[in-house]
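Asks: got a sequence here, can you build the structure:
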Amino acid sequence: MKAKLLSHERNGTWTLVPHGPEKHSIGCRWVFAKKRDENGRVIRYKARLVTKGFKQKFGVAFFETYSPVANMNSIRVVLAVCAVNGYTMEQLDADTAFLNSGLKDLVYMDVPPFGIENDGNDVYKLPKN
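Replies: Numbering: from 1, shown residues only. As a prediction, the model looks like this:
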């Protein structure tokens, strides 16, 4: 977990700033998972830090609620055009793609409950676009 937090700091995912009365922060928690091989044996333990976004209030902490995803009909059209014209198709997966997109609104997050030293007077500022 400590390595995960350090990688977030190196990537500029957040900045540690003093907590003030005007900074309404949202909580966070750790989510743990086990990565298994084809035989069901645990090969790796994973941990990720998530915000408690369900505690945010519409109109106060955020103003839009949508997720930009491709329409399935659009995907089918692109695949059909590629198939008809004999194009070669490839796919990719961008690791930590969500870390590369900024936020539209200013968000402050509480420091995780464990994994990093904090006196309780600081919060993480998540970067905007």
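
Asks: contacts for the helix ranked longest in the chain, please.
Replies: Taking DSSP state H as the criterion, the chain has its longest helix at helix 72-85. By Cβ atoms under 8 Å, 6 or more residues apart in numbering, the residues outside helix 72-85 that reach it are 87, 89. Heads up, the C-betas are built off the backbone N, CA and C, glycines and all.

Asks: chain center to that helix: distance?
Replies: With Cα atoms, centre = their mean, to the nearest Å as the basis, helix 72-85 stands 30 Å off its chain's centre.

Asks: stretch 4-15 now?
Replies: 12 Å.

Asks: report the buried residues of that stretch.
Replies: 5, 13-14 (16 or more other Cβ atoms under 10 Å).

Asks: sort out for me which of the residues you listed are in helices.
Replies: residue 5.

Asks: which stretches of the chain form helices?
Replies: Going by DSSP H, the chain shows helices at 2-10, 72-85.

Asks: so for residue 125, which of these sits nearest?
Replies: helix 2-10 (12.1 Å; Cβ to Cβ).

Asks: what's the closest one packed up against?
Replies: strand 42-51 (3 or more Cβ pairs under 8 Å, 6 or more residues apart in numbering; DSSP states H and E).
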